[in-house]
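*Asks:* Let me see the structure of the following:
(8 chains)
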There are 8 protein chains.
Amino acid sequence: MSFVNLDFARVDTDRQRRCGFPEVIFGAGKTPEEVAAIAGVLIERHGLLLATRVKSEHYAAVKAQFPDAEWHARAGCITVERRPLGRSEGLVGVLCAGTSDLPVADEAAVTLEIFGNTVMRISDVGVAGIHRLLAVQGELDKCSVLIVVAGMEGALPSAVAGLTSKPVIAVPTSVGYGANFGGLAALLGMLNSCGSGVTVVNIDNGFGAAYAAAQINLLISQKQTPS
Amino acid sequence: MSFVNLDFARVDTDRQRRCGFPEVIFGAGKTPEEVAAIAGVLIERHGLLLATRVKSEHYAAVKAQFPDAEWHARAGCITVERRPLGRSEGLVGVLCAGTSDLPVADEAAVTLEIFGNTVMRISDVGVAGIHRLLAVQGELDKCSVLIVVAGMEGALPSAVAGLTSKPVIAVPTSVGYGANFGGLAALLGMLNSCGSGVTVVNIDNGFGAAYAAAQINLLISQKQTPS
Amino acid sequence: MSFVNLDFARVDTDRQRRCGFPEVIFGAGKTPEEVAAIAGVLIERHGLLLATRVKSEHYAAVKAQFPDAEWHARAGCITVERRPLGRSEGLVGVLCAGTSDLPVADEAAVTLEIFGNTVMRISDVGVAGIHRLLAVQGELDKCSVLIVVAGMEGALPSAVAGLTSKPVIAVPTSVGYGANFGGLAALLGMLNSCGSGVTVVNIDNGFGAAYAAAQINLLISQKQTPS
Amino acid sequence: MSFVNLDFARVDTDRQRRCGFPEVIFGAGKTPEEVAAIAGVLIERHGLLLATRVKSEHYAAVKAQFPDAEWHARAGCITVERRPLGRSEGLVGVLCAGTSDLPVADEAAVTLEIFGNTVMRISDVGVAGIHRLLAVQGELDKCSVLIVVAGMEGALPSAVAGLTSKPVIAVPTSVGYGANFGGLAALLGMLNSCGSGVTVVNIDNGFGAAYAAAQINLLISQKQTPS
Amino acid sequence: MSFVNLDFARVDTDRQRRCGFPEVIFGAGKTPEEVAAIAGVLIERHGLLLATRVKSEHYAAVKAQFPDAEWHARAGCITVERRPLGRSEGLVGVLCAGTSDLPVADEAAVTLEIFGNTVMRISDVGVAGIHRLLAVQGELDKCSVLIVVAGMEGALPSAVAGLTSKPVIAVPTSVGYGANFGGLAALLGMLNSCGSGVTVVNIDNGFGAAYAAAQINLLISQKQTPS
Amino acid sequence: MSFVNLDFARVDTDRQRRCGFPEVIFGAGKTPEEVAAIAGVLIERHGLLLATRVKSEHYAAVKAQFPDAEWHARAGCITVERRPLGRSEGLVGVLCAGTSDLPVADEAAVTLEIFGNTVMRISDVGVAGIHRLLAVQGELDKCSVLIVVAGMEGALPSAVAGLTSKPVIAVPTSVGYGANFGGLAALLGMLNSCGSGVTVVNIDNGFGAAYAAAQINLLISQKQTPS
Amino acid sequence: MSFVNLDFARVDTDRQRRCGFPEVIFGAGKTPEEVAAIAGVLIERHGLLLATRVKSEHYAAVKAQFPDAEWHARAGCITVERRPLGRSEGLVGVLCAGTSDLPVADEAAVTLEIFGNTVMRISDVGVAGIHRLLAVQGELDKCSVLIVVAGMEGALPSAVAGLTSKPVIAVPTSVGYGANFGGLAALLGMLNSCGSGVTVVNIDNGFGAAYAAAQINLLISQKQTPS
Amino acid sequence: MSFVNLDFARVDTDRQRRCGFPEVIFGAGKTPEEVAAIAGVLIERHGLLLATRVKSEHYAAVKAQFPDAEWHARAGCITVERRPLGRSEGLVGVLCAGTSDLPVADEAAVTLEIFGNTVMRISDVGVAGIHRLLAVQGELDKCSVLIVVAGMEGALPSAVAGLTSKPVIAVPTSVGYGANFGGLAALLGMLNSCGSGVTVVNIDNGFGAAYAAAQINLLISQKQTPS
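*Replies:* Numbering: from 1, shown residues only, chains lettered A, B, ... in the order given. Modelled structure (predicted):
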């Protein structure tokens, strides 16, 4: 059977086969009990758990049953890693424009790591001091994919895309105020980037960017292994 | 009397005294006859005319009465300059991110020139090729004020503001498509700029940016003369 | 010198070195003369031209100077290919939900091809008849990357992402009416996809999706060659 | 007299005759005392109460006067059922895309049940794992109407509509974050559904969908009885 | 095979079996040739054609091949009816608030008729003259379903829903100006209707409302036949 | 019978009795023939016609049947006045901020005049030259009601409301560009006016403002006559 | 001197002369101390105080200095009435669509009363039970002005306007949820009303509607007295 | 080295050289510890600190290490001023429309002062009592730049711009409710100002306006010194 029916949830136990990675729990709007019950199915099948958008009360409920659960406070994530996934080739750069964007960058990093990727963090390189970005230009070339997290006007991905041939996945954040409209300004900025090839995920969606980057790294690794 | 009542318009002949520059005709929504009639009052009083947002039929109507009227096609402006305003000190830089932004940059330049300012044009220096901007960094320092015109994500003002101590007036343009929503993306980007001190005018409002820059130059010049 | 200054444009002749592909002309808002002049620089340097968002009058101006220019009517693109780029490994799937989405899918395909990629087209597989998508599931697995073009509610990328481990780049189109608000409905749908790892480009931006896919294919190919 | 004037409320005691079902209390913005007073009129006239969008303090006030009042916590509803309405023919399917959508699905189910309908619940069948939906396709055929609840991109109704000839009533939920804009993404997705015949209610409006489904079932039952 | 692959389109020839009605051509964004080719498949398989959102040039292309094609100018629809569908029981009321809403009401009526339904038209009964609606209250009771078409503030469905127990499907139109924002005002009005059980389709989507009504009538008729 | 059923329209011949003024034709979206037919009913019953939002082809159709029909080109209105309504007491001031707002002010003035009101026009008194408004302050006091028409930021009603005790009805216009979003900026400005008692009508809705002003004048006149 | 400068506020003591009523304190965003200090000036000059948008802590601060201050909890208003304004002629009807709209209707009523008007309250007459409105039609005719308060789709003003010749001032409320977008749906509905002559104030702005109604009543009364 | 890498932040210690003023801490979204650490770097390098958008807990953390830190409660700012910047010439006027706008005006004033500017405060001069503004017209002429802070409809900058030749920097505030949409109404009003030369910053962005004003004053002062 390709899913487990908990009545309130049908846990998709076939996802790793189809999509490359096991199902992940989106915690927002779920009770601690619901998260813990779904976690039970996933840990049993895959020996692996990632729950995002969770609070400390969710962590408490999971921890009670799975004492090896880890809590990533700033990222708002829970992980359990009993049977680690294979390591992908390719370094993923996770850049952020400002210190206030770190929680979103953390969600990306936690996701990348449990999905078997190596992460290089580069923080606070916003375009208002472009020399800080130029100073790390050499590092960009070492990565296979770049996740670029920025709030306010979201200009960093455009600048990064102009400096590299690597895929740039842009994550707008809700950092800012007033006419940022909860991240809309950064989102629109990234969608309209003059830097060619920038692709975009939802506001504050560090997880989604990491997932896409992990898929790209998987592709590289799969190509490598057989050939 | 501080205005001339044409019934359909009350031409503010006192504006130069109060605000530093004579009234300017906003042509959109006015008939050629209306524009020509208001132009008549302004040319008589000030020996100077600037009409913005006009079409060639407006120009024809004005030209018929004032053969020295000049037509600025890409800017959509008419000028008559019989009694030039005094020259201000201070060079105004008019930068634009891409070739498609030129009509808006032209509206700014035409306005600046008739208001007595010297203009330096720097075109097509968008952030996707940041080396093009860095190559003109020395030019930026020669200006007293910088008008930065950009469409799409509108990131150029942020980058410029990080390179200079000069006031940056940002003009979002409607260049782009889809989720640029007629210039909204660039507008929001500029309002949320991480570059400190960037101020913003309406979408495609090259005139407004030029007016503000001319006021700043006037300030410099006035300070200079008496002291 | 890393760019050619045409005054109205600074052509970025260094982009291929930095970003993997030569500069591309965004034709909207440029005159035929401007497009032809920039095309001249690019063809001379790279032996290659891609101009997007152009009309037949732009094509006429380019054709007059470069008789080997090709016109892609439905895509709104001009290409010249004198010194083809190297072929990348990896097949790119270009899916679209409905017949009305074909112009956007075409822009993606033209871009992919001139950038050295092999394309597999799969059209009219929207979710209202999900059996049409399931019938091509085997084809999806042969691709390295999938570009999924859809208007209306933009649900196709979610369904595709649930069937494959390959990166899915979603392109919302302005196809639809009323509360689609020019593609906004599809854009928001794709940004909020429950299918993990979907990344999104601007509305109708087939070019951007193709560029990102080409970058991923380049990555695969580069990894291959040296190892 | 066709309504009871409580001064702060005119309770429409004629609604069952006109519209098929007694008036329902919309609790948001009403005090516990107001809800209890209106409840008194409705219970007296109809022997039946449904109050939606209420909190536990409203329940306490109603319970104090009507000890047989029932509290549906996740749905945020109070019911009293002294003189049950007749049972309608026709099974109503209440599907939801994810576990986080359950409160809205519950509001629909509570409403359907007190209005005399039989409900079949099918939860967590979102399109990212389409096999979960295909696995219950047989169940869909047993229903007369389908209520489909989904947040995020709201794609589930399109997929369901493509699998069945039964009326599909779509309920967007506010589940998600960022560019879901409080349910707007799901709402627009459903309004633009490529699945023919999907009708939509307000965001999180489980009650409204249930009311419409109950009207359809009433129609079937009325047709049946006489013939 | 459950679809016919025309390369640019995969015609879903299985839809009638699954969904009750054959596939319908959404003409917007398709060329006349594309519409005619898809029409050919549908007429051959089903002996029936409905194309919506088409212009007279589409009609010309279809007419050239199928001389019995009919043109519904105000509705913007083409029909061919060689093997009529069975007649459903149940009268469908199509109301509209004003004369300017007639094209949308026509699209609904054409759809209903080719899908085997009997239609009663009631036009220009907007709430500003509520006595016009009350004068037809008796007619409402004769219908099984009511389609209510309105622009501007879209208040008519609320008033109708308060007078009847029949399902009300509301169609907002883009009729109006200024802050109607192309039908958004009417759409929001209908989604927030205080009249219980109102369901809503996209702006100007007469087809969608008719499809849903036809599904409800099919349900009545199917129940009838076997029992 | 309180309405005349033309099938495509139910002309509300009872409106004058209920609402004080005969029905008015909203021409947008109606054919010339439809407008002429409704005009026929209204002229016969009331000896009076006002049609708004009409084009010259509508005028031609009406003129053909009613040679005394008058065409108000800038206002986009047709009038026939065979049996004039009684004159109301009270002068209505119609102010506008700029020359480009005149078409909307004209629609208001035409409406006011056919409804029996005396109008005082004051044009081009926008707040950027506040002395022009202060110069007519004495005129404001002579009016019973003030209609204030403005585009761009729509600040004029706030300034007027601070100078007078008379009701101010504000009409936002779509004059402007960019972030005026078709009149939205002026509309929001007027709704948020710091000037107490400003009420607002739809964008460009000169007719609506005039109707409300005429109602107020009717009130004054009715009070006067009997007492 | 026409204002009192408290440094943090310039109290406009001339407003009654210019605008008919003394200045009113808008409490939101002001500290209790600021409100009390401004109240002191107004009570001294006018013997009258109205403060809106205040909380109980503001009331405590005012009460401490002015023991005769009255607290209107549901309206969120403070009043002091030592030297009452003269009574206006004309009854003001304050209607609301639902019980949840009462706080806004209360703000209107408190304002009307301290400004010397007599108020008739009619609550819970929303269009979903139109017979409740028709039952009070006779009452409407007794009023000089009608304030109509409604949330959700805001349809009540349209229905009221169709039944009366009196000016209708519509107040949208934020009552509702989801796609009501904090009152936007009701606001747009009222601005697009098919009922002629409806004017609109800001969302939840009971004060503004009352102020406009009081101005109209003042007009009636002033006309009466002299003649 | 032109920045200090704290890992979570790269403090731009080169900014004063490039941009005229040292880096400022944007406190929102940063922890107290992060703010204190960055403050440490800035105080050491520049002997000067400005942190905006901070809360009292941030102040506590900074105060613990730098006992001379000052807390500006209403402005939400922390300052340390050990090595004051040179005083600029030119007086900056900070006007606000109402008392509720004071926190934003305070943020501007605190910024101006620490950047070496002299500030003149003028509060509560909104356009509803235009005589209050006219009373200070003489003061406006003494300033080199004017910062104009206003919420609600944001009309004050337009009126000020019409009275002076000095640059006007407009700051929209979120003061208001309902259709002010968190400051959007004031923002749009200012962007569409009919007063020429008004430039605009983000909603509630007193800091940004002050920064731009300080740049202009710097310009004046620099010009002065050498000549």
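*Asks:* Looks like A:Ser88 contacts A:Ile216 (just checking).
*Replies:* No - with contact defined as Cβ atoms under 8 Å, A:Ser88 does not count as touching A:Ile216 (9.1 Å). (Glycine included, C-beta is placed from N, CA and C.)
*Asks:* out of these two, which sits in the more crowded spot?
*Replies:* Legend: neighbour count by other Cβ atoms under 10 Å in any protein chain shown for A:Ser88 and A:Ile216, higher for A:Ile216 (29 against 24).
*Asks:* which of the residues in the helix or strand where the more buried one lies are buried?
*Replies:* Per DSSP states H and E, A:Ile216 falls inside helix A:206-224. Residues of helix A:206-224 classed as buried: A:206-223 (neighbour count, 16 or more other Cβ atoms under 10 Å in any protein chain shown).
*Asks:* when you check chain H, which of those residues turn up near it?
*Replies:* By Cβ under 8 Å from any Cβ of the partner chain, no member of the buried residues of helix A:206-224 lies near chain H.
*Asks:* For A:Ala185, which three-state class applies?
*Replies:* helix (DSSP: H, G, I helix; E, B strand; the rest coil).
*Asks:* can you give me the helices for chain A?
*Replies:* Assigned by DSSP state H, the helices in chain A fall at A:15-19, A:32-46, A:56-65, A:102-114, A:130-134, A:137-141, A:156-161, A:184-191, A:206-224.
*Asks:* mind checking which of these is nearest E:Gly20?
*Replies:* Closest of these to E:Gly20 is helix A:15-19, at 31.3 Å (criterion: Cβ to Cβ).
*Asks:* tell me the average confidence for that closest one?
*Replies:* Across helix A:15-19, the average pLDDT comes to 93.
*Asks:* from the chain's centre, how far out does it sit?
*Replies:* 18 Å (Cα atoms, centre = their mean, to the nearest Å).
*Asks:* Check stretch A:187-205 too.
*Replies:* Put simply, stretch A:187-205 sits 15 Å off its chain's centre (Cα atoms, centre = their mean).
*Asks:* Can you get me the start-to-end distance on that stretch?
*Replies:* One end of stretch A:187-205 sits 11 Å from the other (Cα to Cα, to the nearest Å).
*Asks:* Name the residues of chain A found near chain C, please.
*Replies:* Within chain A, the positions adjacent to chain C are A:18-21, A:24, A:89, A:144-145, A:161-167, A:169, A:187, A:191-192, A:196-202, A:207-209, A:211-212, A:214-216, A:218-220, A:223-224, A:227 by Cβ under 8 Å from any Cβ.
*Asks:* packing partners for the least confident helix or strand in chain A by mean pLDDT?
*Replies:* Least confident element among the helices and strands of chain A, by mean pLDDT, DSSP states H and E: helix A:206-224 (a mean of 90). If you count contacts as 3 or more Cβ pairs under 8 Å, 6 or more residues apart in numbering or on different chains; DSSP states H and E, helix A:206-224 packs onto strand A:91-96, helix A:102-114, strand A:145-150, strand A:168-172, strand C:199-200, helix C:206-224.
*Asks:* out of the ones you listed, nearest to A:Val127?
*Replies:* For these, the distance to A:Val127 is smallest for strand A:145-150, at 8.7 Å, taking Cβ to Cβ.
*Asks:* Put the alpha carbons of that closest one into PDB.
*Replies:* C-alpha atoms of strand A:145-150 as PDB (Å, rounded to 0.1, in the frame of the first residue of the first chain):
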ATOM      1  CA  VAL A 145      23.400  25.700  -6.700                       C
ATOM      2  CA  LEU A 146      22.800  29.000  -4.900                       C
ATOM      3  CA  ILE A 147      19.900  29.800  -2.600                       C
ATOM      4  CA  VAL A 148      19.600  33.500  -2.100                       C
ATOM      5  CA  VAL A 149      17.400  34.700   0.800                       C
ATOM      6  CA  ALA A 150      16.400  38.400   1.000                       C
END
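*Asks:* How about that strand and chain H, touching?
*Replies:* No - judged by Cβ under 8 Å from any Cβ, strand A:145-150 stays clear of chain H, getting no closer than 12.4 Å.
*Asks:* between that strand and helix A:102-114, how big is the angle?
*Replies:* Calculated by axes from the mean of the first three to the mean of the last three Cα atoms, to 10 degrees, strand A:145-150 forms an angle of 160 degrees with helix A:102-114.
*Asks:* Select, out of the helices and strands packed on helix A:206-224, the one closest to H:His58.
*Replies:* Between the helices and strands packed on helix A:206-224, helix A:102-114 lies closest to H:His58; by Cβ to Cβ that is 16.2 Å.
*Asks:* Figure out how far the closest one is from the centre of its chain.
*Replies:* Counting by Cα atoms, centre = their mean, helix A:102-114 is centred 5 Å from the centre of its parent chain.
*Asks:* That's all I had, so thanks and see you.
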